[in-house]
Structures are given as C-alpha cells and as structure tokens.
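# the following comprises the amino acid sequence and a computationally predicted model.
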There are 2 protein chains.
Amino acid sequence: MSHPAVHPVEAPPLSIDYGGGDAIPPRVRIKDIQGMPGTPGGLTLRLCQSACAILALWVMATTSDFPSVTAFCYLVAAASLQVIWSLLAAVADIYALLVKRSFRNCRALSLFTAGDGIFSTLTFAAASAAAGITVLIDNDLGVCSQNHCVDFETATGMAFMAWFASLPSFLLNFWSLASGRT
Amino acid sequence: MSHPAVHPVEAPPLSIDYGGGDAIPPRVRIKDIQGMPGTPGGLTLRLCQSACAILALWVMATTSDFPSVTAFCYLVAAASLQVIWSLLAAVADIYALLVKRSFRNCRALSLFTAGDGIFSTLTFAAASAAAGITVLIDNDLGVCSQNHCVDFETATGMAFMAWFASLPSFLLNFWSLASGRT
C-alpha cells in the first residue's frame, strides 16, 4: 500500500479567453482584418492609392509650367513612386487572393509596413509642399490668372487622397506586425 | 483496493517561452522600452520635441514678413500646438518618473498615441509646406535678397527636427498599444 504510484495526468489544453467568454485554443489564426495585404479590402485600398496617385501625376504632368517649381516636380516624382509601389502591392494582393493565401509571415509584413510608411510619407510631404505653393499663388499673391491654379489644386488634392488611402494600409500592417498576428 | 481515489494534482503554472529558452511566467510586466511615456527616454524625446518646436516657432515668429505667407503662419500655429502637446506630455512623464509608475493602461496609451500621431502629422505638413515655399523663394525665384531665407530655412529645419523627434514617440506608443503591453 505504501509503494509509490505514478498517476499520469493529461495536461489541460492551453486556452486563451479573448473576452467574449468563449475560450479558443491558441495557434488559431486570427481572422484577416480587411485592409491587410492579401485581403479584398487591402486590394481595394491599393487600387484607390494607385488611382489617386495616377490622377495627381497626370493632372500635374499635363500643366506646362510645373517644372519651374521644385515642389511640383517633387510631387510628380513622389506620385510616380507611390503609383509603382501601390501597383506592385496590388499585384501581390491579387496573387494572394488567387492562390487563397495571405501574407502572414513577419518578413513580408515588415516589407509592406516599411514600404507603406516610406511612400506615404513621401506623398504626404509632396502634397503638403504643393499645397503650400498653391495657397501662396492663389491666396497670398493672387496670380491665378497667369497660372494653372485649378490643375495644381486638383493634383494636390489627389496626392492628399493617395496619402489618405495609404494610411490605413500602413497602420493595419504596423498593428499586425506589433500584435504578432503573423 | 477498488474504491475510487481522488488524487488532486496541482495545475502546473502556465508559462510562456519567449524564444530565449527561459520560460518565464506570464503577467510579468515587460521591461519598459526607452522612449515610451513614463521612461527617461520618453522624457528626453519630449524635451527634444519641445526644444525644436520652440526654436522653429521663435525663429519664424521673429521674421517680420512671415504673416504674408499662409504656409509660414501655419508653421507657427503647428509649432505652437506641438510645443503645448510636448510640454504637457513631458509634465506627465516627469510626474510618472517621480512617483515611479509608468503609463501602462490602454486609455493613457491610446491618448498619447493619438496625440503624437495628430501633432506630428500637423508639424510634418507645416514643415513640408514651409520647405516648398523656401525652395521656391531660394532656388526657383532667387529672391533671397528681399527675404529672410536663412530664418525661414532654419525654422523649417527645426520643424522637421521636431517631427523627427516625435516620430519614435508615436511608433513606440502604437507598437505598445498593438502588442498589448498595457
């Protein structure tokens, strides 16, 4: 009666309560947040970014006198980079949707986050600089009769829209990277 | 010998392996990242932001002709807001350091993240707009002899420095918020 006995006890499965009361086991992949790479929302954001940046680029590049102002040249350059980046990311999204896989590894997410951060910052800086010049020409100097104010303002607005569309991509990717949903 | 016996077994403590091989129990507060609110690094960042924004504000406000350009007025306004925000956050940091507690609750972190995001974006937009105007005056038009180009450029540079100092605050707070280190 006194000899030692071993009673193997199965370890209870680790469970995480996400607040809803239903404990679900870990390692379950959390549902894709719309807007992340590889989701239809993400693809929509990419297409919006591309469309706005293409419009900004096109409207600005068709004015005859944009090369005389450095900020407008910078807007054209930044919008071009944004178009290239957004289209590349859109192609990656389409591929991910076609093969029904999402970008969940840390390296891909870091790449998307860094790219979104850099290109959206460039676009925002270009839009702000162009807005400063446009307001100077229109409100401060009042020389719109000699300049293509409407074109400049449209291009600036489109660049701001492109930045506004790329902000959710950056924030969502950064959030996913930080929360470890890879 | 056949009657049922209950062998109460103590549940093993849940442990998380953070990759280093040493399993540490959960609920241990992860060490403060320098730069977060309530850390000496965070206070240093706040003081840098305040100093740069005050310099930008002071240099721009002492030029006689800044009100004639909307972008320069906007720089003064944005730098003022940045100074107020950074000084308030610095006071909160000093209080947290004095009582040796850090801001770890979700609401405080959200507030700091939102504030940093908004005010750093405003400062960056103002700096970009002022840079656009400065480059226009200096390089495109070449009318520096009639303007305070050096002052405008110094103020713009300081505004960019203020943005650059507030970027780590925003990113670290956002990272902490997302990774749930509250």
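Looks like it arrived, so ask away.
# what parts of chain A come near chain B?
Within chain A, the positions near chain B by CB under 8 Å from any CB of the partner chain are A:7, A:9, A:11-12, A:14, A:68-71, A:74, A:121, A:124-126, A:128-133, A:135-136, A:139-140, A:171, A:174-180. The way it works is simple: take the backbone N, C-alpha and C, and place the C-beta from them, glycine included.
# filter those to the buried ones?
By neighbour count, with 16 or more other CB atoms under 10 Å in any protein chain shown, these hold A:69-71, A:74, A:121, A:124-126, A:128-133, A:135-136, A:140, A:171, A:174-178 as buried.
# can you show me the strands along chain A?
Using DSSP state E, the strands of chain A run over residues A:16-17, A:23-24.
# for the first one, what is the average pLDDT?
Per-region confidence: strand A:16-17 scores 46 on mean pLDDT.
# try stretch A:110-117
For stretch A:110-117, mean pLDDT rounds to 92.
# so which bits of that stretch are buried?
For stretch A:110-117, by 16+ other CB under 10 Å, it's A:111-113, A:115-117.
# out of those, who's nearest A:Val99?
Ranked by distance to A:Val99 (CB to CB), the buried residues of stretch A:110-117 are led by A:Phe112 at 17.1 Å.
# what about that closest one, distance to chain B?
15 Å (CB to the nearest CB, to the nearest Å).
# where are the low-confidence patches of chain A?
For chain A, the stretches with pLDDT under 70 are A:1-32, A:104, A:181-182.
# where exactly do the helices run in it?
A:40-62, A:70-98, A:106-135, A:149-179 (DSSP state H).
# same list (those helices) but as CSV, adding distance to B:Val83.
Conversion of those to CSV gives the following (distance: least, CB to CB, whole Å):
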stretch, distance to B:Val83
helix A:40-62, 33
helix A:70-98, 26
helix A:106-135, 20
helix A:149-179, 25
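# give me the number of residues near A:Cys144?
As a burial measure, A:Cys144 scores 15 neighbours (other CB atoms under 10 Å in any protein chain shown).
# surely it is in contact with A:Leu136?
No. Counting by CB atoms under 8 Å, A:Cys144 does not reach A:Leu136; the two are 11.1 Å apart.
# excluding its backbone neighbours, what's nearest A:Ile54?
The shortest distance from A:Ile54 to any non-neighbouring residue, by CB to CB, 6 or more residues apart in numbering or on different chains, is to A:Val83 (5.5 Å).
# A:Ala127 and A:Asn139: what is the separation?
17 Å (CB to CB, to the nearest Å).
# then A:Cys52?
24 Å.
# which residues does A:Leu177 contact?
Neighbour list for A:Leu177: A:106, A:109-110, A:113, B:178 [criterion: CB atoms under 8 Å, 6 or more residues apart in numbering or on different chains].
# what do you get if the cut-off is 6 Å, keeping everything else the same?
Residues near A:Leu177 by CB atoms under 6 Å, 6 or more residues apart in numbering or on different chains: A:109, A:113.
# against B:Met36, how distant is it?
Taken as CB to CB, the span from A:Leu177 to B:Met36 is 17 Å.
# repeat that for A:Gly117.
Applying CB to CB to A:Gly117 and B:Met36 gives a distance of 20 Å.
# also A:Val135?
37 Å.
# A:Phe164 now?
From A:Phe164 to B:Met36 the distance is 28 Å (CB to CB).
# give me the more crowded residue out of these two.
Using other CB under 10 Å as the criterion, A:Phe164 and B:Met36 rank with B:Met36 on top: 23 against 16.
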